[in-house]
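Novice: A predicted structure for the sequence below; I have some questions about it.
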Amino acid sequence: MLDELVAPERFVAAVETSAGRFVIEVVRAWAPLGADRFFTLVSCGYYDDSRFFRAVAGKWVQFGIAGDPVVARAWRGRVIADDRLVQSNTRGFVAFANTGPGTRAAQVFVNLGDNAAQNDWEPGFAPFGRVVEGMEVVDRLYSGYGGGSGGGMRAGGQDPMFEQGNAWLDARFPLLDRLVRVGVT
């Protein structure tokens, strides 16, 4: 497992999916700790061969539980402190999910609509990047399961994903789109 890396001030991450490709521009000044964590996870291939496990049409699409359960469990408890909110959770912005103060680890979401109300939740969801290319790809990621395939972060409903990885998701939610690879370009 990698030690935390320091991200460049700006970088671009290309996300190859089963639905096509999209690109996230990361701006470290918006959320330095979040940008560093995302850069670290991308650099070690954490997101490769995983699933977009929670997609709610018009709201968000979420990913960030590694497909290999050994890898997912190794990062689950490696939390980072909260960043101050600089950008708003509006369409295309990307932020880490959390269950409360100091609980961000590896799960991120892309806002599909205006979720500015998330800005008021304590500690908030500080965007570290935004989709600058391929938002139409993000929009078409399979959302038929809603939050049912990956909700329950706060209630322990994600435990099977951490224990069994892609095998569990593929058996129960076979239509989920796949995150093939994320790379810094």
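Specialist: Done, it's in.
Novice: hey, let's count contacts and neighbours off CA atoms from now on
Specialist: Will do.
Novice: do you know how far residue 114 is from residue 107?
Specialist: 20 Å (CA to CA, to the nearest Å).
Novice: same deal with residue 171?
Specialist: 21 Å.
Novice: Please apply the same query to residue 73.
Specialist: In this view, residue 73 and residue 107 are 12 Å apart by CA to CA.
Novice: Check residue 81 too.
Specialist: 14 Å.
Novice: pull the longest helix from this protein.
Specialist: When the chain is parsed with DSSP state H, its longest helix is helix 32-43.
Novice: Helix or strand next in line after that one, which one?
Specialist: The element immediately downstream of helix 32-43 (helix or strand, assigned by DSSP states H and E) is strand 50-51.
Novice: Would you mind measuring from the residue most central in space within the chain to residue 185?
Specialist: Computing the C-alpha centroid of the chain and ranking residues by CA atoms, centre = their mean puts residue 108 first, at 2.0 Å. Applying CA to CA, the value for residue 108 to residue 185 is 19 Å.
Novice: Residue 97 now?
Specialist: In terms of CA to CA, residue 97 sits 24 Å off from residue 185.
Novice: Between these two, tell me which one has more neighbours.
Specialist: Under the neighbour definition other CA atoms under 10 Å, residue 97 and residue 185 were set side by side, and residue 97 has more, 22 against 8.
Novice: The more buried one: what's it in contact with?
Specialist: By CA atoms under 8 Å, 6 or more residues apart in numbering, the contact set of residue 97 is 104, 106, 107, 108, 109, 125.
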